[in-house]
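1. Build me a structure from this.
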Amino acid sequence: MVADRLDDGVRIAQLLASEVTGNESGLRGLTVADADRDVEPTPDGALAYRIAREAGDPVAEVYVQPDRARIEALAAPDAVADAAAAAGLRVRPKAVRPPRTLVFVEDGAAVKRALAVLEALRTGSDAE
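-> Modelled structure (predicted):
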């Protein structure tokens, strides 16, 4: 059993970015954009990168905090919330216009579960 848990927000965001750029199945058509390679985590979250359609339209933003990463879905908030809950990730709405859904990726093991969220984001935003 592994006693250590990856809970570095920057590293978690890097793992998520690697999954987006290397995944040729359910995430096809999504890309990492506007990456800040020197991002420093903050308690409120610092913008690390955006996830965009290949056409350039951003559909999510990824923020880093000292101990986790946070995905802010800009599109398909209901589909993202459902997928996050089904994947066992902490999720909550953000009361802004247009509405956003926040998904918290709290350790490295949760990155794989977050892929279902990004797939829902991609397919949900296709329907909009």
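2. pLDDT weak spots in the protein?
-> 1-5, 24, 125-128 (pLDDT under 70).
3. which residues of it fall in strands?
-> 30-33, 46-53, 58-65, 68-73, 90-94, 100-105 (DSSP state E).
4. For the fifth one, which outside residues touch it?
-> In this structure, residues lying in contact with strand 90-94 by C-beta atoms under 8 Å, 6 or more residues apart in numbering are 72, 77, 80-81, 84-85, 99-104, 106. For glycine as for every other residue, the C-beta is placed from the backbone atoms N, C-alpha and C.
5. now it, how far from the centre of its chain.
-> 12 Å (C-alpha atoms, centre = their mean, to the nearest Å).
6. Please report how far the residue most central in space within the chain lies from Ala109.
-> Residue closest to the average C-alpha location in the chain (C-alpha atoms, centre = their mean): Ile71, at 3.5 Å. Noted for Ile71: a distance of 16 Å to Ala109, by C-beta to C-beta, to the nearest Å.
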